[in-house]
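[1] Okay, predicted coordinates and the sequence, questions at the end:
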Amino acid sequence: MTRWIERDAKAMQRKSRKHQVRDLDGGLYEVTSGASGEAYTVNMCGGVTSCTCDWGKWTAVGEPTVCSHVLAVHRYLARQDGRMISAWSRESDAAKQKRIQEYLGQGVTVTKSLMKMYK
C-alpha cells in the first residue's frame, strides 16, 4: 500500500468547483479545467479511478487517482442524485459529519449530504 502525503482536500474541492464535467458514457468523463481550459479524461470504471492530468500520470498503476478533476466528477454524480459532497483530508474529520462517507484514496474521503432546497 502506498503511503500518501496529507492532501489539502478542501483546496482541491474549491478548485474542482470551477471545472466543467461532461459525461462521455461508460464511466468516462471529460473534465475541462476552470483554470487552464485544458480537458482531461477521468475514468471511473473498473474499480480504480484514473485521470489524464499530471497528478494522475504520477499515480502508481492500480492506485486510485484523487485530483480536483476526480472530485469534480464526484460532485457531478452527487448532484445527479440530489446530493452535495465535501472533501476531507482526515477520515476522523469526515466521520464527525455523520453523513455517507466514501474513501477515494490518497488520503481523501468525501461525505455526501442531501442538497437543501430553497423556495
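    Thanks, I have the structure now.
[2] rest of the way, CA atoms for contacts and neighbours
    Fine.
[3] what stretches of this protein score poorly on pLDDT?
    Counting by pLDDT under 70, the ranges of the chain that qualify are 1-6, 116-119.
[4] ranges for the helices of it?
    Along the chain, counting by DSSP state H, helices occupy 9-16, 54-57, 68-80, 91-95.
[5] Just want the angle from the first one to helix 68-80.
    By that I understand helix 9-16. With axes from the mean of the first three to the mean of the last three C-alpha atoms, to 10 degrees defining the directions, helix 9-16 sits at 80 degrees from helix 68-80.
[6] ok so, going back, highest mean neighbour count out of the helices of the chain?
    helix 68-80 (a mean of 22; mean count of other C-alpha atoms under 10 Å).
[7] contacts for that one?
    Residues from elsewhere that reach helix 68-80, judged by C-alpha atoms under 8 Å, 6 or more residues apart in numbering: 12-13, 15-17, 19-21, 29, 31, 33, 40, 42, 49-51, 84-85, 112.
[8] Reformat the helices of the chain as a markdown table; add distance to Asp25.
    As requested, the helices of the chain are arranged in a markdown table below (distance: least, C-alpha to C-alpha, whole Å):
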| stretch | distance to Asp25 |
| --- | --- |
| helix 9-16 | 20 |
| helix 54-57 | 20 |
| helix 68-80 | 12 |
| helix 91-95 | 30 |
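[9] Indicate which one of those helices is closest to Gln101.
    Among these, the nearest to Gln101 by C-alpha to C-alpha is helix 91-95 (7.1 Å).
[10] Ends of stretch 45-55, what's the gap?
    With C-alpha to C-alpha, to the nearest Å as the measure, stretch 45-55 spans 19 Å from end to end.
[11] residue closest to the middle of the protein?
    In the chain, the centroid-proximal residue (C-alpha atoms, centre = their mean) is Leu71; its distance is 1.9 Å.
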